[in-house]
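> the following comprises the amino acid sequence and a computationally predicted model.
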Amino acid sequence: MSPAVAFIGLGHMGAPMAANLVKAGHRVRGHDLVPEAVDSAARAGVEPAPSAAAAVADADAVITMLPAGRHVLDLYDTLLPAARPGTLFIDCSTIDVADARAAHDRAAAAGMRTLDAPVSGGVVGAEAATLTFMAGGGETAFAEALPLLEAMGKKAVHCGGAGAGQAAKICNNMILGVSMIAVSEAFVLAESLGLSHQALYDVASTASGQCWALSVNCPVPGPVPTSPANRDYRPGFAASLMAKDLGLAANAARAGGVHAELGLRAAELYSAYAERAGATEDFSGIVRTIRDQSGAEG
Ligand code: NAD
């Protein structure tokens, strides 16, 4: 029989993920602080629970999809005493590596099995069940979680022990944030040198400058018709989420004494940019800030 799943946090990501578990034949009890989020998940077949504790009481697995580490740790104080010992706790939120490890420790002390399993793929991936999961925790916990992760995504990578999933996520997104700034600066430099966007793209996308930020999410309109630049930078991957992930990477770099000059600078630039652009703009829109600050014309 499919495990009964409790799903806490039915927001932009959690609601479609829970719906995909229902579609895969799981019994899912859901909870969110926002009643409208619960109502909307209920329309997709998620059974509403009156509280988070009630949702986990008879669950075999508990999935959390919450904004930040403090939400996860606060909620674990409520969930751990309410769940049956041995329940599998899977946190899919993107949170600090240190918070993820603290969550693992608390859950293990309460006799639970745990996995940190943040995702990439965004709301589109959550809806289409094409997310990639990066998991940290024990081999057995990963093996048991796999059927659930496969119902919500297309790929799940076991990255190592507690916190390794969060570590993989922020390292990847540090590469992405730094490379998007580098690609954007190169396009603005090209503009000032009289080099067309298409010419730079044609060369760099088949040369050593090739990267995802250029060849998939190209920050200028034209060369890659599907990139957010062609729809006035509607996300895609919102600037606010990139700022959040780079902030987590910067915290981890500072805590580990890592001399990540570009990563720390990218976190500052995205934090300033996201204060203005927030969730309404794709992170590639940072090219416009670079252009404005250069006094250049696009
Ligand atoms: P969201 O704000 O839409 O959803 C979070 C939900 O958690 C909200 O509905 C909120 O009411 C609920 N919540 C908060 N505290 C709660 C509590 N104590 N009990 C019950 N519910 C509670 O956020 P989202 O976009 O769904 O993102 C969730 C996580 O996924 C974040 O950590 C984010 O960084 C990560 N993520 C998001 C995306 C994306 O594209 N949105 C992509 C990858 C990863």
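Happy to help now that I have it.

> quick one: distance of stretch 262-271 to the chain centre.
18 Å (CA atoms, centre = their mean, to the nearest Å).

> let me redo that: stretch 269-281
17 Å.

> what do you get for stretch 5-24?
With CA atoms, centre = their mean, you get 15 Å for stretch 5-24.

> what about it, how long is it end to end?
Taking CA to CA, to the nearest Å, the first and last residues of stretch 5-24 lie 12 Å apart.

> next one: that stretch, is it in contact with the ligand?
Yes. Interface with the ligand: stretch 5-24 contributes 8-14 (CB under 6 Å from any ligand atom). For glycine as for every other residue, the C-beta is placed from the backbone atoms N, C-alpha and C.

> distance check, the residue of the stretch 101-250 of the chain found nearest the ligand against residue 201.
Distances between the stretch 101-250 of the chain and the ligand by CB to the nearest ligand atom are smallest at residue 122, namely 3.7 Å. With distances taken as CB to CB, to the nearest Å, residue 122 is found 24 Å from residue 201.

> more neighbours, those two?
With other CB atoms under 10 Å as the criterion, residue 122 and residue 201 differ in neighbour count, and residue 201 comes out ahead with 21 against 17.

> list the residues that contact the more buried one.
Residues in contact with residue 201, defined by CB atoms under 8 Å, 6 or more residues apart in numbering, are 214, 218, 222-224.

> filter those down to the buried ones.
214, 218, 223-224 (16 or more other CB atoms under 10 Å).

> where in this protein is pLDDT low?
1, 296-298 (pLDDT under 70).

> 80 instead?
By pLDDT under 80, the low-scoring segments of the chain are 1-3, 278, 296-298.

> the ligand contacts on the stretch 151-298 of the chain?
Counting by CB under 6 Å from any ligand atom, the residues of the stretch 151-298 of the chain that sit close to the ligand are 241, 244.

> typo on my end, the stretch 1-150 of the chain
Near the ligand, when you scan the stretch 1-150 of the chain using CB under 6 Å from any ligand atom, you find 8-14, 31-34, 37, 52, 65-67, 71, 75, 93-94, 119, 122-123.

> which of those residues fall within strands?
8, 31, 119 (DSSP state E).

> contacts only, for the nearest residue to residue 57 once chain neighbours are set aside.
Of all residues not flanking residue 57 in the chain, residue 82 sits nearest, at 5.7 Å (CB to CB, 6 or more residues apart in numbering). By CB under 8 Å, 6+ apart, the contact set of residue 82 is 52-54, 56-57.

> just the closest of the residues you listed to the ligand, please.
Distance to the ligand across these (CB to the nearest ligand atom) is lowest for residue 52, with 5.2 Å.

> any idea how many residues pack against the closest one?
Residue 52: 20 neighbours (other CB under 10 Å).

> return the distance of the closest residue to it other than its chain neighbours relative to residue 49.
In space, and not counting its chain neighbours, residue 52 is closest to residue 31: 4.8 Å by CB to CB, 6+ apart. Distance of residue 31 to residue 49, computed by CB to CB: 5 Å.
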